[in-house]
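Peer 1: turn this into a structure:
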Amino acid sequence: MITEVDDALCVLIGRALPEGTAVRLDPPKPTWQTERPSAAIDLFLFGLHDDPRGRESGWDDIRDERGAVRSRRAPARRCVLSYLVTARAAKVGDEHRLLDLALRAILFADAIPPDCFESDADEPVTLALSGDGPGDLWSSLGMPARAAFVFTASAAYLPASDEDIAPPAEKLALRSGQNVPGALSPSAPKRWVRA
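Peer 2: Numbers count the residues shown, from 1 in each chain. This is a model prediction of the structure:
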């Protein structure tokens with residue numbers, strides 16, 4: 001799911017940027033200060049953890065066209081992916097403009113739109129700005145701070161379906177106690193025993 005979310009985020013943010021601006025999945029690196037800058041937004045995936053919100057219980061039945069259960073699947077689990085977003089451009093003002101456009105793309109989208117994915121997403125991928133600033137991240141990377149923001153994407157992970165289930169019943173037989181050994185027939189005399 002990580003690569004699908006990466007690609008969809010690149011599409012979502014790329015739509016909001018000026019033509020010719022790249023959206024990359026590169027981590028920050030010290031050589032940025034010596035490289036010739038090009039207009040780009042970098043998304044750095046730096047954190048992954050379990051998202052207990054919206055956790056479900058039970059099993060989902062997967063049915064065929066007749067309504068028969070063909071497989072079962074455990075409920076989805078969600079994972080939070082944390083991204084650091086930075087901008088690169090020839091001038092600091094241009095970097096801030098690019099960062100502003102990327103921020104707006106994330107800020108006004110509650111979830112990644114379905115048309116950003118190459119295939120149909122089973123569950124929505126929700127987006128939220130993080131309350132954590134990137135200051136600690138810059139120092140742990142050993143780099144001077146730059147303008148940046150952090151956001152999270154909560155994505156569903158669907159387990160494989162269990163197809164090892166009993167086949168559906170083809171017919172159902174109901175018995176009412178007739179012709180069953182040991183059962184009384186309606187015409188048999190009833191014996192009463194005194195206590």
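Peer 1: name the helix or strand for the closest residue to Ala147 other than its chain neighbours, please.
Peer 2: Once flanking residues are discounted, Ala147 sits nearest to Leu99: 5.7 Å by CB to CB, 6 or more residues apart in numbering. C-beta coordinates here come from the backbone N, C-alpha and C atoms, glycine included. Using DSSP states H and E, Leu99 falls within helix 92-107.
Peer 1: now what about that helix, what contacts it?
Peer 2: Residues outside helix 92-107 that contact it (CB atoms under 8 Å, 6 or more residues apart in numbering) are 12-13, 15-18, 21, 39-41, 85-89, 127, 129, 146-149, 151.
Peer 1: centre-most residue in this protein?
Peer 2: In the chain, the C-alpha nearest the mean C-alpha coordinate belongs to Ala155, at 1.9 Å (CA atoms, centre = their mean).
Peer 1: what inclination does the strand or helix carrying that residue have with respect to helix 92-107?
Peer 2: If you go by DSSP H and E, Ala155 is part of strand 148-157. On the basis of axes from the mean of the first three to the mean of the last three CA atoms, to 10 degrees, strand 148-157 is oriented at 30 degrees to helix 92-107.
Peer 1: ok now strand 148-157, how far from the chain's centre?
Peer 2: Remark: strand 148-157 is offset 10 Å from the chain centroid, using CA atoms, centre = their mean, to the nearest Å.
Peer 1: and stretch 61-81, by the same measure?
Peer 2: 15 Å.
Peer 1: now it: buried residues?
Peer 2: Neighbour counts using 16 or more other CB atoms under 10 Å place Ser71, Ala76, Arg77, Arg78, Cys79, Val80, Leu81 of stretch 61-81 among the buried residues.
Peer 1: now the second one: phi and psi?
Peer 2: Ala76 has phi and psi values of phi -70, psi 150 when expressed as degrees, to the nearest 10.
Peer 1: gap between the residue nearest to it when sequence neighbours are not counted and Asp115?
Peer 2: Using CB to CB, 6+ apart and skipping residues adjacent in sequence, the residue nearest Ala76 is Ala156, 4.2 Å away. In this view, Ala156 and Asp115 are 18 Å apart by CB to CB, to the nearest Å.
Peer 1: who has more neighbours out of those two?
Peer 2: The residue with more neighbours, out of Ala156 and Asp115, is Ala156; 19 against 9, by other CB atoms under 10 Å.
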